[in-house]
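Trainee: what would the 3D arrangement of this be:
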Amino acid sequence: MKHSYMASGLAALALAGGILATVPAQAADSIYIPLFTYRTGPYAGSGIPIANGMEDYFAMLNARDGGVGGVMLDVEECETGYNTQKGVECYETVKAKNPIVINPYSTGITLQVIPKASNDKIPVLSMAYGLSAAAEGKIFPWIFNAPDTYWDGASAIIKDIGRREGGLDKLGGKKIGYIFLDAGYGREPIPLLEDLAKKYSFELVQYPVAGKEMQNQSSQWLNVRRDRPDYMIMWGWGAMNPTAVKEATKIRYNMENFYGVWWSGGNDDAGAGGEAAKGYRTLNFNGVGKDYGVIQDIKKYVVDAGNSQVEPEKFADNLYNRGVYNAMLVAEGIRSAQMLTGKTVISAEDMRAGLEALDIDEARIAEMGMEDFMHPFKLSCEDHNGHAPVYIIEWDGKDWKKASDWFEPMTDVVAPLLKAAADEYVASNAPWPEREVPCAGE
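Mentor: Numbers count the residues shown, from 1 in each chain. Coordinates of the predicted model:
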């Protein structure tokens, strides 16, 4: 069986869209985890650190602990180039190998895979991306999008803007710009933002960016300069993010009033603006930097051992740590499933139950070496997301610094909208199957 770092090394040599033929199928004494990654193409700047963080966490567990519960993790990458069709091809390829979970790492791929995986009974982990309504576990028993939905993220940004203005009631008459990748990802939070604009009487101005225009946003930012929004929110990915940050500095936009969702918080994203980008803010739900036990264990067992693809200066960047967080969710889902079932080598059905019973408390966080790296959260039969607290990080010209305490999204506002959106999804995709699997622990 290949360890995760071996699969990762081979991925760098793979052609875009091709599953790694050199990695063997799941062994009887291992747990097979496919990763949909993109180390090539215009989104590689975001995809590479994510892939490295996931690979290195799994490799660390294999090297330090012998996997999870004494079972080694067989990790295999499938290069998607962030292309939805290639992502679906990856899904069709790996499902024959009995994967315990699918990590699409693309909202577009996730939206296509949701009905397929629900029919095939394979859990999908779209960590803080994908379909926000999939948080409704009674309707989407096979889909998990912990620890926050895009609607949580949008509400959290508006909440922080309100805090800075002296209260949400002070948003009346304000103009908030929304620049977004014009794809499923960027369009996902628009209904929530439009609802909040009505609720708090601010004007929402939208600036869509087509994928082919990611590195040429001059027209959008000329419009921003013309419109003079009080705040800007970005839902970008890949080459869009550093381009937007540079364009914002060119028009001398007040970077302290420029927010990005958690996927717009790569070190290279803000670094593209250098000192001029000082003050740029993004949401975050994972720790930044190297000062965590888990990150030091990855360095010891994987990076220092020469078994990582990460460049030394990129180790523990924000998106690398995000990949670590994603891999942790998978590993903890396995651990939870093992505890529930008494099995060591689990199935996809077991994994689904394990994720649904996930309860990561302070004690477990400490055991994982993740103190201050993450916030506790819990999933359930009804809630496949957790709607966990987030915090703000701010670019200081050279690196990210924590700029707020942890705070909760507007869950009271988001919850009924999620339920309504889930019902709408079911109506639009009829006949949508009724939940048949029992709640975890029943």
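Trainee: could you use CA atoms for every contact and neighbour count after this?
Mentor: Noted.
Trainee: so where's the chain shaky on pLDDT?
Mentor: For the chain, the stretches with pLDDT under 70 are 1-28, 441-442.
Trainee: tell me what the lengthiest helix in the chain is packed against?
Mentor: Longest among the helix segments of the chain by residue count, using DSSP state H, is helix 318-341. Packing partners of helix 318-341 (3 or more C-alpha pairs under 8 Å, 6 or more residues apart in numbering; DSSP states H and E): helix 44-65, helix 348-356.
Trainee: the shortest one vs helix 318-341, what angle?
Mentor: Note on geometry: by axes from the mean of the first three to the mean of the last three C-alpha atoms, to 10 degrees, helix 348-356 and helix 318-341 are set 110 degrees apart in direction.
Trainee: coming back round to it: so how far is the longest helix of the chain from its chain's centroid?
Mentor: Centroid displacement of helix 318-341 relative to its chain, using C-alpha atoms, centre = their mean, to the nearest Å, is 13 Å.
Trainee: what about the strands in the chain?
Mentor: 30-37, 72-79, 124-125, 143-144, 175-181, 203-209, 231-235, 258-260, 281-284, 359-360, 377-378, 391-395, 400-402 (DSSP state E).
Trainee: between those, which one is closest to A96.
Mentor: Nearest to A96, of all the strands of the chain, is strand 30-37, at 11.2 Å by C-alpha to C-alpha.
Trainee: got the CA coordinates for that closest one in PDB?
Mentor: C-alpha atoms of strand 30-37 as PDB (Å, rounded to 0.1, in the frame of the first residue of the first chain):
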ATOM      1  CA  SER A  30      -6.500  -0.200   4.800                       C
ATOM      2  CA  ILE A  31      -9.100   2.600   4.400                       C
ATOM      3  CA  TYR A  32      -9.300   4.100   0.900                       C
ATOM      4  CA  ILE A  33      -9.600   7.900   0.800                       C
ATOM      5  CA  PRO A  34      -9.700   9.600  -2.700                       C
ATOM      6  CA  LEU A  35      -8.900  13.300  -2.800                       C
ATOM      7  CA  PHE A  36     -10.100  15.500  -5.700                       C
ATOM      8  CA  THR A  37      -7.300  18.000  -6.200                       C
END
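Trainee: which helices and strands does it pack with?
Mentor: helix 44-65, strand 72-79, helix 84-94.
Trainee: could you figure out how far that strand is turned away from helix 318-341?
Mentor: Note on geometry: by the same axes, to 10 degrees, strand 30-37 and helix 318-341 are set 150 degrees apart in direction.
Trainee: need the residues that contact strand 30-37.
Mentor: By C-alpha atoms under 8 Å, 6 or more residues apart in numbering, the residues outside strand 30-37 that reach it are 25-26, 47-48, 51, 71-82, 87, 90, 94, 97-105, 345-346.
Trainee: which among those end up buried?
Mentor: 25-26, 47-48, 51, 71-82, 87, 90, 94, 98-105, 345-346 (16 or more other C-alpha atoms under 10 Å).
Trainee: could you pull out the buried residues of the longest helix of the chain?
Mentor: 318-338, 340.
Trainee: what's it in contact with?
Mentor: Here helix 318-341 makes contact (C-alpha under 8 Å, 6+ apart) with 46, 49-58, 68-69, 101, 127, 263, 265-267, 286-289, 314, 343-346, 350-355, 357-358, 441.
Trainee: try stretch 432-442
Mentor: For stretch 432-442, the external contacting residues (C-alpha under 8 Å, 6+ apart) are K138, I139, F140, P141, L340, A353, G354, E356, A357, S380, C381, V426.
Trainee: chain center to it, what's the gap?
Mentor: With C-alpha atoms, centre = their mean, you get 25 Å for stretch 432-442.
Trainee: same thing with stretch 262-275?
Mentor: Worked out by C-alpha atoms, centre = their mean, stretch 262-275 lies 16 Å from the chain centre.
Trainee: CA-only coordinates of that stretch in PDB, if you can.
Mentor: Extracted in PDB, the C-alpha atoms of stretch 262-275 (Å, rounded to 0.1, in the frame of the first residue of the first chain):
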ATOM      1  CA  TRP A 262     -12.300  31.900   4.000                       C
ATOM      2  CA  TRP A 263     -11.400  30.700   0.500                       C
ATOM      3  CA  SER A 264     -10.000  34.100  -0.300                       C
ATOM      4  CA  GLY A 265      -7.500  34.000   2.500                       C
ATOM      5  CA  GLY A 266      -4.400  32.400   1.000                       C
ATOM      6  CA  ASN A 267      -1.100  33.900   1.800                       C
ATOM      7  CA  ASP A 268      -0.400  34.400  -1.900                       C
ATOM      8  CA  ASP A 269      -3.800  36.100  -2.300                       C
ATOM      9  CA  ALA A 270      -3.000  38.900   0.100                       C
ATOM     10  CA  GLY A 271       0.700  38.800  -0.600                       C
ATOM     11  CA  ALA A 272       0.000  39.900  -4.200                       C
ATOM     12  CA  GLY A 273      -0.700  43.300  -2.800                       C
ATOM     13  CA  GLY A 274       2.200  43.300  -0.400                       C
ATOM     14  CA  GLU A 275       2.300  46.300   2.000                       C
END
